[in-house]
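K.L.:
could you look at this predicted model? Sequence included:
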Amino acid sequence: MLHSISANSPRPASVTEPLGVRLLLIGVALGFMLLFLVMPLLIVFVAAFAEGIKVYFASLVDPHALAALRLTLFTVAIVVPMNLVFGVCAAWCITKFEFYGKSLLITLIDIPFAISPVIAGLLFIVLFGAGSTLGEFLESYNIKIVFATPGIVIATLFVTFPFVARELIPIMQSQGIEEEEAARVLGARGWQIFWRVTLPNIKWALLYGVILCNARAMGEFGAVMAVSGAVGGVSNTLPLHIENVYWSIPSTPAFAVASLLAMLAMFTLLIKTIVEIKGQHSLRSHEAKPESD
């Protein structure tokens, strides 16, 4: 059945542009994705298996590759929980309270987005290096930060800490404080309000931010390269190990480890997509609930 469209009614999305324009835009988008996303990924896997499965798995169980994997997972295991705690605390303060310096706090959270990771790593070398006062003080107690695991953790923490907070702040601002105030009037305490009111409302955004933080922590290169020293088997994460092995002959082991990192990234992307779908479904259910009531 055909329906007439009045002059004041919005045009359907399917006829907003001519067919040729829509096909051109779709073709450009698909071509861009094929050229810059799909093809490089395929090349990585083709090169990884170029010398056979035996060489592929031998590259993955190489002692230096395993050490890099362990260091990467160890760094992620420290950085992600710390970012989770910081992100929740920062978002809570910014969205639930009024205080002097709120704009400054938001600006400080965005600093890692504005500073190059390499520059951030160099700043930590200046701060904790052997030539600095703080570095000499720490070394007097046999505490080594730069060119050691603590420096890698600190550099990774710096470049990743905005992700959780930046996912939570818009959600918590849009929700307001009415539910928390109602719970407080009913006698709920601070932790009860957080666990039973705030956390259920932000759980999908929180999980989404954690996933993004995890992905960035696994793939960070610039800041870690500056502070690690890139010693094989000691202070190499997976990205640094890939870069070091790539310049060797043959370079197949580099592509093998790169494929492992790519698979971790794709797994992270899959989880992110599931979280997005569940979060959107939860949001639609929450918006539809007042209408059903």
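P.N.:
Everything's here; your move.

K.L.:
residue 226 touches residue 118, doesn't it?
P.N.:
Yes - contact between residue 226 and residue 118 holds when scored by CB atoms under 8 Å: they sit 5.6 Å apart. In short, each C-beta sits where N, CA and C put it, glycine included.

K.L.:
more neighbours: which of those two?
P.N.:
For residue 226 and residue 118, the more surrounded residue by other CB atoms under 10 Å is residue 226, and the numbers stand at 22 against 14.

K.L.:
please spell out which residues along whichever helix or strand that one is part of are buried.
P.N.:
Assessed by DSSP states H and E, residue 226 sits inside helix 222-228. Taking 16 or more other CB atoms under 10 Å as the neighbour-count basis, helix 222-228 is seen to contain the buried residues 222, 223, 224, 225, 226, 227, 228.

K.L.:
Throw those into a markdown table and include pLDDT and distance to residue 146, thanks.
P.N.:
Supplementary listing: those in a markdown table, determined by pLDDT from 0 to 100; distance: CB to CB, whole Å:
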| residue | pLDDT | distance to residue 146 |
| --- | --- | --- |
| 222 | 90 | 15 |
| 223 | 92 | 12 |
| 224 | 93 | 12 |
| 225 | 91 | 12 |
| 226 | 90 | 9 |
| 227 | 91 | 5 |
| 228 | 88 | 9 |
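
K.L.:
ok, of the residues you listed, which one's closest to residue 202?
P.N.:
Residue 202 lies nearest to residue 223 out of those, by CB to CB, at 28.2 Å.

K.L.:
before we move on, the earlier item: out of the buried residues of helix 222-228, which two sit at the greatest distance?
P.N.:
222 and 228 (10.9 Å).

K.L.:
what about the strands in the stretch 1-150 of the chain?
P.N.:
With DSSP state E, counting those that start in this stretch, there are no strands along the stretch 1-150 of the chain.

K.L.:
now the phi/psi pair for residue 145, please.
P.N.:
Listed backbone geometry of residue 145 is phi -100, psi -60, with angles given as degrees, to the nearest 10.

K.L.:
contacts only, for the nearest residue to it once chain neighbours are set aside.
P.N.:
Nearest-residue entry for residue 145: residue 128, 3.9 Å, with adjacent residues in sequence omitted and distances by CB to CB, 6 or more residues apart in numbering. Taking CB atoms under 8 Å, 6 or more residues apart in numbering as the contact definition, residue 128 lies against 134, 135, 138, 145, 146, 151, 154.

K.L.:
and what of residue 161?
P.N.:
With contacts defined as CB under 8 Å, 6+ apart, the neighbours of residue 161 are 82, 83, 86, 87, 109, 112, 213.
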